[in-house]
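Student: Structure here, sequence nowhere to be found:
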């Protein structure tokens, strides 16, 4: 996973969000990657990059970062080189004080590395001041303001952004140190320099030797000549008073140049080797941060879930056909019944039930006739033939008007002047139909548009 | 035609809740449900598909419209029991284009293609002989069958229905699609699986998948709620100021925007939860998020070149140190890095003291500085619990809301709900995360995941209560 992939992924997933089905199909196709989410994301990205307009934002940003890094790198290198040349500049009148160079290759790197380590440990704090100290941070901030809108809108995980700055700061420091080393080598090769050490502090040669011996710990076993001897230290102790060099110094000019080995090894170890270790740590941290940043992206989480988890659907595939429903109230409605009728029918009701119903609604019927399945269909037809004037037809209000009952009512109305449909409720409700049940019958009769069919409400 | 996966046709009299049962079992809130008979005009298939593979299929069918006439036709063709299904097939073949028997053919066709029968009746209304023709026709098909008593209303005629149904069906169960919970759904599927030995295994597999899917839905819901709380707590509303100081209107405006932002976040989260649980068509009534009695603090901020005072301070100190270091270099270190130190201090001090003056400098009529008033992150300690309570209540309502329901749901949280989920210990655990969300720090992915897991635990506890 690279920064470019991380940025491209955000852009691709935003501009070409494939469907859940397509993602799952991709997941099945690459099932062997299921346990490796990062690879899964990368493979998905590679397959979908082509759908997004080029140049991709990842390429743009990494290319900008590369240019900034190159520019800052060159500046750092030359700054190091010129600093080195400046620190080692030897006029021939007085020796070069090694303390300045030591400060640049030991003290300054150790101090800046300490700051870097603190920044690494506090990398998850978004407003990390130490990160803000890096020139890389400011250069990027200024350039991002000058970048295109699309680049400016790109969101980089703050932890990742911190690691980017930390890593690049190490690179810049490394190049600066390379510049210093090159300056040292070039100056030593091309000039005859007399090194010395000079300080206002009351430090004797032995103390200074002990200090340098300790500083040389990493290489003193490997390269004995890389540790300044006590003799060299004594001889190169320089005092400015008198405006002239010590006689012993003049007597051993070759010895004074011996310091370069120590300075070179100090640069290699403190400014380069340790910095390299820090750079490797930062590279590792950046890699981990990249991984975490990708996997913590909401889009990545969704993509991985959609690729790895089966799509379970239980809904209908085809849309449901529209339903034609009746609007308005049924006009042929009666609210009271006459005291007597010629005939009363009961849909799937026995004689006893019919008599009871007639009594409960306060009507008398000359004949009570059972209708429906209790009688063979042929007989049902016979009953309809006998119908003449206004008739009642009791139906169970809670049972919806099926086409069978509609057929019966249609038949009945062709042989009678008026058919009054009387929906009745349950015994529990004293045979009273509920308004909701009546509405169902109302709507059904409205759909039928029959002149002779009336509804008792 | 025999199918490779189990199929079940939900059949019965019109308006007895067939579509409601299918809607609830298939988590589909788009099924047309109405008290007008004949709402379902064609048989619809509801397959349970996993990655496109059908594990089982439910059919919502139109109700019987002319069962007596169909039975009469069948009875006119007397055959031995083993040939009865052939008579049904003959009926279908003969009446395929007869509109009078459209509904019967629609419902019989999947059965004749091998679907098991799930016969639905309304247990809140008395039994009637009218149904016997339907049950007799179904017996003719010879397919495995079960009956479901759906208590649509409050009256209970279950016992008389059971007595009648047990004469026709080997399994009779009561199932209310409006109130049934997930476990009842699964129990019903298990009953259906018993209809035929070959269906047991695929149905068990389907049930296991359903359960895993349910867990996945809980996880997704918890994630949405966790993100809502995180975004609401860390949200900042910023309004550029026209003058040097915020006017009363500007203060009101930023507060108005901030409140609306939180409300919009809540609405979006609710929509997501409804989508997760396939309740996209849910009609709801609820009170909007209120902020009464909450102290919403706003503060004025300033920036120069897009940098805050602190950032400018660091920039100035760094620049000063660089310039000072350059001077140190010119003196070949004789200054003992004093130049860098003085440069850093000078730069920082000038940025600190001159920030306001710098921000007022005009270039091409525009000041370099930008002043704004901002509200957020939310400091009120109660708001996350109010948000969480509302989100959990909404989610719990949605989870328990049957897909067969078509009425508007009132999401009104009662005071007792809080006791179901917010105990002291839980509050302590939650507060730890809320503090993190409020701080202007980066919240790591795993922190949000831990918070999501906590929310999921609460959500499941609330759902099980």
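Tutor: The structure has been received and is ready for your questions. If you're wondering where the values come from, they're calculated on a predicted model, not measured in any experiment.

Student: For stretch A:431-441, give me every contacting residue.
Tutor: Among residues not part of stretch A:431-441, those counted as contacts by Cβ atoms under 8 Å, 6 or more residues apart in numbering or on different chains are A:357, A:360-361, A:395, A:397-398, A:400-401, A:421, A:423-425, A:455, A:457, B:15, B:35-37. No exception for glycine: its C-beta is placed from N, CA and C like everyone else's.

Student: According to the record, where do the domains of the chain fall?
Tutor: No chain specified, so I'll use chain A. For chain A, the structural domains run A:3-308, A:333-456, going by automatic domain parsing.

Student: should've been chain B
Tutor: B:7-195, B:212-298+B:376-464, B:306-367.

Student: Quick check: the residue of chain B nearest chain A.
Tutor: Nearest residue of chain B to chain A: residue B:445, at 3.0 Å (Cβ to the nearest Cβ).

Student: List the ones among the contacts of stretch A:431-441 that fall in strands.
Tutor: A:395, A:421, A:423, A:424, A:455 (DSSP state E).

Student: Quick one, which of the contacts of stretch A:431-441 are buried?
Tutor: Neighbour counting by 16 or more other Cβ atoms under 10 Å in any protein chain shown classes A:357, A:361, A:395, A:397-398, A:400-401, A:421, A:423-425, A:455, A:457, B:15, B:36-37 among the contacts of stretch A:431-441 as buried.

Student: Which of those residues sits closest to residue B:263?
Tutor: Nearest to residue B:263, judged by Cβ to Cβ, of those is residue B:36 at 38.3 Å.

Student: Need the pLDDT of the closest one.
Tutor: What the model reports as pLDDT for residue B:36 is 68.

Student: Show me which residues of the stretch 51-200 of chain B sit near chain A.
Tutor: Listed as neighbours of chain A in the stretch 51-200 of chain B under the rule Cβ under 8 Å from any Cβ of the partner chain: B:51-52, B:60, B:63-69, B:71-72, B:100, B:103, B:122, B:125-126, B:128-130, B:132-133, B:155.

Student: mind checking the SS state of residue B:328?
Tutor: Assigned by DSSP: H, G, I helix; E, B strand; the rest coil, the conformation of residue B:328 is helix.

Student: just residue A:46 next, same as before
Tutor: Here residue A:46 is helix, with the state taken from three-state DSSP.

Student: Name the next helix or strand following the longest helix out of those in chain B along the chain.
Tutor: Identified as the longest helix of chain B according to DSSP state H is helix B:197-234. Moving toward the C-terminus from helix B:197-234, the next helix or strand (DSSP states H and E) is strand B:237-240.

Student: Going by neighbour count, list what's buried in that next one.
Tutor: B:237, B:239.

Student: Only the buried residues of the longest helix of chain B, if you could.
Tutor: Buried residues in helix B:197-234, defined by neighbour count with 16+ other Cβ under 10 Å: B:199, B:202-203, B:206-207, B:210, B:213-214, B:217-234.

Student: same question, stretch A:208-223
Tutor: Of the residues in stretch A:208-223, those buried (16+ other Cβ under 10 Å) are A:208, A:209, A:212, A:215, A:216, A:218, A:219.

Student: ok, residues contacting it?
Tutor: A:106, A:197, A:226-230, A:233, A:237, A:261-262, A:265-266, A:269, A:273.

Student: weakest of the domains of chain A in terms of mean pLDDT?
Tutor: The minimum mean pLDDT among those belongs to domain A:333-456 (a mean of 82).

Student: what about it, how long is it end to end?
Tutor: Using Cα to Cα, to the nearest Å, one end of domain A:333-456 lies 6 Å from the other.

Student: Now do the helix or strand containing residue B:19 against helix B:197-234, angle only.
Tutor: Residue B:19 is part of helix B:18-25 when elements are defined by DSSP H and E. Following axes from the mean of the first three to the mean of the last three Cα atoms, to 10 degrees, one obtains 60 degrees for the angle between helix B:18-25 and helix B:197-234.

Student: And the helix or strand following helix B:18-25, what does it pack against?
Tutor: Once helix B:18-25 ends, the next helix or strand along the chain (criterion: DSSP H and E) is strand B:44-50. Strand B:44-50 is packed against strand A:312-313, helix B:18-25, strand B:53-60, helix B:197-234, with contacts defined by 3 or more Cβ pairs under 8 Å, 6 or more residues apart in numbering or on different chains; DSSP states H and E.

Student: Take these and lay them out in JSON lines including mean pLDDT and distance to residue A:443.
Tutor: Shown next, in JSON lines, are the helices and strands packed on strand B:44-50 (pLDDT from 0 to 100; distance: least, Cβ to Cβ, whole Å):
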{"stretch": "strand A:312-313", "mean pLDDT": "88", "distance to residue A:443": "34"}
{"stretch": "helix B:18-25", "mean pLDDT": "90", "distance to residue A:443": "17"}
{"stretch": "strand B:53-60", "mean pLDDT": "91", "distance to residue A:443": "21"}
{"stretch": "helix B:197-234", "mean pLDDT": "93", "distance to residue A:443": "37"}
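
Student: would you turn the ones you listed into CSV with distance to residue B:175?
Tutor: As requested, the helices and strands packed on strand B:44-50 are arranged in CSV below (distance: least, Cβ to Cβ, whole Å):
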stretch, distance to residue B:175
strand A:312-313, 22
helix B:18-25, 7
strand B:53-60, 13
helix B:197-234, 15
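
Student: Do you have the strands of the stretch 351-465 of chain B handy? List them.
Tutor: If DSSP state E, counting those that start in this stretch is used as the criterion, the strands of the stretch 351-465 of chain B fall at B:362-363, B:366-367, B:369-375, B:409-411.
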